[in-house]
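**Student:** just a sequence and a predicted model for now, questions to come.
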Amino acid sequence: MLDRARFVRVLGVLVLTFATAGLGGGAVSAATSATSAFRSRALNSRLHFLIELPNGYDTSGVHYPVIYFLHGLPAGPTSYQTLAWVEGALEATGHEAILVIPQAASSGSSDPEYHDWGPGKNWETALAAELPKYIDAHYRTIANRNGRAIIGLSAGGYGATILGVHHPNEYAVIESWSGHFRPTDETGEKTLDVGSKADNDNASVHALLAQVKTQFRRYPTFFGFYVGKSDPTFVADNARLDRELTAARVSHLFELYAGGHTTALWQAHAVAWLRLALDHLHAPATS
């Protein structure tokens, strides 16, 4: 969880850059982007999110796949807005999809690790149950798992993975960009104790390998995880999961890239990683 003040400051500048230029080097079509919110029972408050609709959405009559993109932690209530550059990356893929970037922290809950912690702090329920239901009800989506990907960077990569594993009937694609696979403290270096042994096991992808193998067989899932070779904290955790999944014969894609835990790495490969995710979802279609 290395997205702290420096990370946010860098992204704040890059939002402006990538809002006006495609990450693939060429021109991109215009899309509609806005901030919205709904009342979350799980959080006992409004859950805010960025949403980007494809060019021509208002008149196309088409139903689109959805990418849910999770930010890193610790974070504040508006940190989701720093990932607006992902919109430019999605447009540069040449694919048409809806992009949803939700709030995943609040002023009173800056590092919830994408878990349920009790009344008003049930982030997993808010993001994996309430949010997709709201999006499907209010936008023209492919409203099943074959039309949904969950992706995240840094701690958001952990969030995407654990939510995808906990809710296999919701997502056909899981991607982690420089993420980790067990809950960590704010430094990203120590495993976070979330309660009982059963709770801790349920929070660790490493402890859920048998479940993952069974689920991926029942619910075909593309699982890709990528990390920089010089990532100071998470490269070992990624390599460990690759070994475990390979030994268990669980289909996955693991890639190492030159670089560390940086926005430069993510932006250099964002178009390719998003395109890969969308290649494994159903294409836009009329109902």
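**Tutor:** Perfect, I can see it now. Numbers count the residues shown, from 1 in each chain.
**Student:** any weak-confidence spans in the stretch 1-150 of the chain?
**Tutor:** 1-30, 111 (pLDDT under 70).
**Student:** which parts of it are helices?
**Tutor:** Using DSSP state H, counting those that start in this stretch, the helices found in the stretch 1-150 of the chain span residues 5-19, 57-60, 85-92, 123-125, 131-138.
**Student:** residue contacts, the residue of the chain positioned farthest from its centre?
**Tutor:** Computed with Cα atoms, centre = their mean, the residue of the chain farthest from its C-alpha average is Thr59, at 28.3 Å. With contact set as Cβ atoms under 8 Å, 6 or more residues apart in numbering, Thr59 has no partners. From N, CA and C alone the C-beta is placed, and that goes for glycine too.
**Student:** with Pro132 instead?
**Tutor:** Going by Cβ under 8 Å, 6+ apart, Pro132 touches Val66, Tyr68, Arg148, Glu170.
**Student:** what secondary structure does the closest residue to Asn238 other than its chain neighbours sit in?
**Tutor:** Using Cβ to Cβ, 6 or more residues apart in numbering and skipping the chain neighbours, the partner closest in space to Asn238 is Val227 (4.3 Å). Following DSSP: H, G, I helix; E, B strand; the rest coil, we place Val227 in the strand state.
**Student:** what's the local residue count around Lys229?
**Tutor:** 11 (other Cβ atoms under 10 Å).
**Student:** that one contacts Gly259, correct?
**Tutor:** Yes - using Cβ atoms under 8 Å, Lys229 and Gly259 qualify as a contacting pair, with a distance of 7.1 Å.
**Student:** in the chain, which spans are strands?
**Tutor:** Counting by DSSP state E, the chain has strands at residues 32-40, 45-53, 62-63, 66-70, 98-102, 148-153, 173-177, 222-228, 253-257, 285-286.
**Student:** for the contacts of Pro132, which one is nearest Lys213?
**Tutor:** Comparing the contacts of Pro132 against Lys213 with Cβ to Cβ places Glu170 closest, at 18.4 Å.
**Student:** any idea how far stretch 260-280 is from the chain center?
**Tutor:** Distance, stretch centre to chain centre, for stretch 260-280: 12 Å (Cα atoms, centre = their mean, to the nearest Å).
**Student:** dump the residue contacts of Ala248.
**Tutor:** Leu209, Ala210, Val212, Lys213.
**Student:** repeat for Val66
**Tutor:** Ala97, Ile98, Leu99, Val100, Pro132, Ile135, Tyr139, Thr141, Ile142, Gly147, Arg148, Ala149.
**Student:** let's see it at 10 Å
**Tutor:** 51, 97-100, 131-132, 135-136, 139, 141-143, 147-150, 171, 281 (Cβ atoms under 10 Å, 6 or more residues apart in numbering).
**Student:** identify the bridge partners of it.
**Tutor:** Ile98, Arg148 (DSSP bridges).
**Student:** go ahead and confirm Asp231 touches His261.
**Tutor:** Yes - using Cβ atoms under 10 Å, Asp231 makes contact with His261 at a distance of 4.7 Å.
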